[in-house]
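J.: quick one, fold the following:
(one chain, ligands or ions: 1)
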Amino acid sequence: MKRISVILLILVFLCGCQKSTAKLLEELGYSEEDITLIESLSEENQARFLESYDEELLELIKLQDFKEEKIDEYLKYRGDLEDEKLIEMVNNGMINDDNHSKLKELYASEYYVPRKEKLYLQYLDSCNDVRSMMEIVNTGRYRDLYTDIETTDVSKKELMLVNKYYQLPADYVPDELVDVEAALGRGQLQKEVYEAYKPLYEEAKKLGYDLTIVSSYRSYDYQYGLYNKYLQSDPQEVVDTYSARPGHSEHQSGLCMDVTIPGYSLDNFYKSDASKWLAENCYRFGFIIRYPEDKTDITGYQGEPWQLRYLGKAVAEDVYKCGITYDEYYACFVE
Ligand SMILES: [Zn+2]
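T.: From the prediction side, this is the model:
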């Protein structure tokens, strides 16, 4: 009898405690659902919650994949990741003391592309710099140039990407090609591009920079001839740093042109004030310098301060201000 009484007493006591916890939470305005969740935790973890009324912990507990036995790890790494990502990473044993700050940087980056998550994670541990690793993944530069080639999506119009991984079909010819007036240079451009270029040309001229278009639209066949001509004097790995293989030249899109000024060739154009002015101002007219000197590892081309690529004003400004290549911009924001 005595023993039963003791057990009953303990039970009453425990129920009383639970009731008071529930009551306390109820008085504090917690919903029935929240109270049930909190009460489902071990006593130790309930006490932990009650110590600080940790609202963020409650949010974690509410998530479907929350596992109470992982609570210490969640608490350790929270703040590094969004709640759901935190739970996924902890549950799968993918977050640890060595990589949590890298993971934080990765998932918080504005250049994070969800469909590339597996690749980022593959290269995360061995990388020294998360941002550089992301740039390489975003642009596909973890693989050799001219491998896994895709067809350029020409429906993106002025935002289409043509590079060493994206190829235009041999028969692709832009709509609405117009002739460049002799005073401005030579060749043909897409009409919209040419119209956007004229005010740039005028403003440059007022500043004393007499820009001339020396190369504009090039057909597939023309590029084929040009590339093969270069192959007669340089090995292919060298030619590939300054000339595009046929189908891979942005010139075939009719969206770009090479410019220079009198007294300068393409080779020394970078020394001119006009080159500096173009780099800092062409975005205002809808253009970017397509192959910056400091991005040769990414683009696969030597710097070409003379090649202007049309993207329209909004995107050109965005690319310029982000300071990234169009190859990466396309992967992050266009594709
Ligand atoms: Zn060019």
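J.: what are the boundaries of the helices in the stretch 201-335 of the chain?
T.: Using DSSP state H, counting those that start in this stretch, the helices of the stretch 201-335 of the chain run over residues 220-231, 236-239, 273-281, 296-299, 313-322, 326-329.
J.: show me what contacts residue 311?
T.: 158-159, 286-288, 319, 326 (Cβ atoms under 8 Å, 6 or more residues apart in numbering). C-beta here means a position set from N, CA and C on the backbone, and glycine is covered the same way.
J.: do you know how far it is from residue 285?
T.: Residue 311 is 10 Å from residue 285, where distance means Cβ to Cβ, to the nearest Å.
J.: and for residue 267?
T.: Distance from residue 267 to residue 285, by Cβ to Cβ: 25 Å.
J.: got it, and residue 114?
T.: Relative to residue 285, and taking Cβ to Cβ, residue 114 is found at 33 Å.
J.: which of these two has more neighbours?
T.: Each of residue 114 and residue 285 has its neighbours counted (other Cβ atoms under 10 Å); residue 285 has more, 21 against 7.
J.: isn't the more buried one up against residue 317?
T.: No - between residue 285 and residue 317 there is no contact under Cβ atoms under 8 Å: 10.1 Å.
J.: just give me the neighbour total for residue 176.
T.: 12.
J.: residues contacting it?
T.: Per Cβ under 8 Å, 6+ apart, neighbours of residue 176: 190-192.
J.: could you measure from it over to residue 290?
T.: For residue 176 relative to residue 290 (Cβ to Cβ), the value is 21 Å.
J.: can you tell me the strand partners of the strand ranked longest in the chain and which way each runs?
T.: Scanning the chain for the strand with the most residues, using DSSP state E, yields strand 304-310. Sheet pairing for strand 304-310, assigned by DSSP bridges, gives strand 256-260 (antiparallel), strand 287-291 (antiparallel).
J.: turn the ones you listed into CSV, including distance to the ion.
T.: Shown next, in CSV, are those (distance: least, Cβ to the ion, whole Å):
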stretch, distance to the ion
strand 256-260, 4
strand 287-291, 8
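J.: how about JSON lines for those, with mean neighbour count and mean pLDDT added?
T.: Output for those, formatted as JSON lines (neighbours: other Cβ atoms under 10 Å; pLDDT from 0 to 100):
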{"stretch": "strand 256-260", "mean neighbour count": "25", "mean pLDDT": "97"}
{"stretch": "strand 287-291", "mean neighbour count": "25", "mean pLDDT": "98"}
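J.: residues contacting residue 170?
T.: Taking Cβ under 8 Å, 6+ apart as the test, what residue 170 contacts is 220, 246-247.
J.: let's see stretch 269-286 as CSV, backbone CA atoms only.
T.: Only the C-alpha atoms of stretch 269-286 are listed here, as CSV (Å, rounded to 0.1, in the frame of the first residue of the first chain):
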residue,chain,number,x,y,z
PHE,A,269,44.1,50.4,-77.5
TYR,A,270,44.2,49.7,-73.7
LYS,A,271,46.8,52.5,-73.4
SER,A,272,44.3,55.1,-74.7
ASP,A,273,42.1,57.4,-72.7
ALA,A,274,39.3,56.3,-74.9
SER,A,275,39.7,52.8,-73.6
LYS,A,276,39.4,54.0,-70.0
TRP,A,277,36.4,56.1,-70.8
LEU,A,278,34.7,53.2,-72.5
ALA,A,279,35.2,50.9,-69.6
GLU,A,280,33.7,53.3,-67.2
ASN,A,281,30.9,54.7,-69.3
CYS,A,282,29.7,52.2,-72.0
TYR,A,283,27.1,50.7,-69.5
ARG,A,284,25.2,53.9,-69.7
PHE,A,285,24.5,53.2,-73.3
GLY,A,286,23.7,49.5,-72.8
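J.: would you tell me whether it gets close to the ion?
T.: No - Stretch 269-286 stays clear of the ion (Cβ under 5 Å from the ion), getting no nearer than 11.5 Å.
J.: shaky segments in this structure?
T.: The model of the chain has pLDDT under 70 over residues 1-19.
J.: residue 267 - how many residues pack around it?
T.: With other Cβ under 10 Å as criterion, residue 267 counts 9.
J.: backbone dihedrals for it, please?
T.: phi -60, psi -40 (degrees, to the nearest 10).
J.: over to residue 78?
T.: phi -70, psi 150.
J.: residues in contact with stretch 46-57?
T.: 21, 24, 28, 38-39, 41, 58, 71, 74-75, 78.
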